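Engineer: Need the 3D shape of this:
(4 chains)
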Number of protein chains: 2
Amino acid sequence: MSPENSYSLIVIDDHPLFRKGVADLISMDSELILIGEAASGVEGIALATELNPDLILLDLNMKGMDGIETLKKLKESNIDSRVIMLTVSDDEDDVVTALRSGADGYLLKDMEPEDTLKCLHQASQGRIVLCEKLTELLAYALREEAAHPADLDQASLTDREEEILELISQGLSNKVIARELDITEGTVKVHVKHILKKLNLRSRVEAAIWAVKEGDRRHHH
Amino acid sequence: MSPENSYSLIVIDDHPLFRKGVADLISMDSELILIGEAASGVEGIALATELNPDLILLDLNMKGMDGIETLKKLKESNIDSRVIMLTVSDDEDDVVTALRSGADGYLLKDMEPEDTLKCLHQASQGRIVLCEKLTELLAYALREEAAHPADLDQASLTDREEEILELISQGLSNKVIARELDITEGTVKVHVKHILKKLNLRSRVEAAIWAVKEGDRRHHH
DNA sequence: TACCAACTACCACCAAGGAGGTAGCGGTGA
DNA sequence: TCACCGCTACCTCCTTGGTGGTAGTTGGTA
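Structural biologist: Predicted structure coming up:
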């Protein structure tokens, strides 16, 4: 940790020039103190363990161990530093992956210096920071997911068949389905046979998987 | 549409007092022009169709047709207004639902007036706006999803078992799995048996379903 | 060393699933 | 009326799946 209300940080990035840039930026802020630099993931983890800084600025695209992997390793270790991804990539998947892996922030290298500093302050106070550009991107991402619905519309299964497919997708056996619908097991088998034929599947397992994924896609779970 | 670089908007909210507040706020900004008010979803849709404003401020919690439903209807119609949800609820689900339903922004009623105006400007320029508080909330939400894995952590399946479960969840039969892994079918059956026992499931169908849903929960979609 | 867990293999046995066929019944539409 | 479709039922034949048990190998750990 660090004294009073100043925050220590280290930067992990394999570009010396970029580290230099960060150092300059940090030096402009009296509350942030750069206490170390690392040029790779491995080196960075060692350094973080040794210094236990308040913040870690981590580059996403590094040679060797990449940023995500480094992030995971850092989160698995005992240090309680907050990790901010700092990178050029505004790829949606990268952002999502980073956040899911426990990143405490995601900033872009092309942000205005003062914005970056502002975000670092917020981050050190425990907030998750995302640069504005990415907020928007996340919002779009959520929309995309919802855009899927109208598919091949059940390939014309009859009501009964849909009903049975639903039960299959709950893991029920033919016998149980028969009891459930109050028909014989033989009849259930006939329906299953038709379902498989219509959907061009090879077993009830495939049918179940298909139904689950399908159901998931329409009712955004 | 509206002249030069000023933007027309309407507000849909069942609280007169709140509409008054919005009107006052809007009047402080020379580029924003309030051209209509509606006290319900139905009324709002009619008004929007008639006036085709640049922006629509929509309350989430309304009596009768609620905000989400109104939002959907608006998006289904031909108007190309951008819809900004404006509400007191900072509930995560609400935000996500709204965005998935096509909202172009989500602002909180307790924001600072100047921030609100700033966001409205950004929105009228085609950006999706979220108030800061919510950005953070979304980030946390993404994390939550990822936080699940530690679940029952696969109930201690061995590597081989996980591997086989994965293949089952692709719909493969024991025979095919055997070929795939270059072991005998009998051995595959043994593994399947163990998987079922460990996960307390009754058939490969249930296993497949479980695996699919589980996989869905961890790897976004 | 002895022990344990994971992986492999083989066996027998029975339950479940799927393919093929035939057939009766009720409703709908030409 | 006849033809068609969806739903039901029953049949045979064969494959697949799941349970029980025994047992050999490897690698790591007490």
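Engineer: Mind pulling up the pLDDT for the closest residue to residue A:89 other than its chain neighbours?
Structural biologist: What sits nearest to residue A:89 in space, not counting adjacent residues and going by C-beta to C-beta, 6 or more residues apart in numbering or on different chains, is residue A:60, at 5.7 Å. For every residue, glycine as well, the C-beta is placed using N, CA and C. What the model reports for residue A:60 is a pLDDT of 86.
Engineer: Name the SS class of residue A:179, please.
Structural biologist: Of the three states, residue A:179 takes helix under DSSP: H, G, I helix; E, B strand; the rest coil.
Engineer: Which pLDDT value belongs to residue A:193?
Structural biologist: So residue A:193 comes in at 88 (pLDDT).
Engineer: burial count for it?
Structural biologist: 10 (other C-beta atoms under 10 Å in any protein chain shown).
Engineer: any low-confidence regions in chain A?
Structural biologist: A:1-4, A:78, A:139-156, A:216-221 (pLDDT under 70).
Engineer: What distance do you get for residue A:54 to residue A:7?
Structural biologist: Going from residue A:54 to residue A:7 by C-beta to C-beta, to the nearest Å gives 4 Å.
Engineer: thinking again about what came up before, where does the residue nearest to residue A:89 fall, phi/psi-wise?
Structural biologist: Here the main-chain torsion angles of residue A:60 (degrees, to the nearest 10) amount to phi -80, psi -40.
Engineer: Please give me every residue in contact with it.
Structural biologist: Residues counted as contacts of residue A:60 (C-beta atoms under 8 Å, 6 or more residues apart in numbering or on different chains) are A:66, A:67, A:68, A:85, A:86, A:87, A:89, A:94, A:98.
Engineer: can you do 6 Å?
Structural biologist: Contact analysis of residue A:60 by C-beta atoms under 6 Å, 6 or more residues apart in numbering or on different chains lists A:67, A:85, A:87, A:89.
Engineer: Would you agree the last one falls within a strand?
Structural biologist: This points to residue A:89. No. Secondary structure of residue A:89 (three-state DSSP): coil, not part of a strand.
Engineer: can you count the residues close to it?
Structural biologist: Using other C-beta under 10 Å, the number of residues around residue A:89 comes to 17.
Engineer: one step back: joint contacts of residue A:54 and residue A:7?
Structural biologist: residue A:124.
Engineer: Which residue comes closest to the residue of chain A most remote from its centre once chain neighbours are left out?
Structural biologist: Farthest-out residue of chain A from its mean C-alpha position, per C-alpha atoms, centre = their mean: residue A:184, at 46.4 Å. Spatial nearest neighbour of residue A:184, chain neighbours left out: residue A:178 (5.8 Å); criterion: C-beta to C-beta, 6+ apart.
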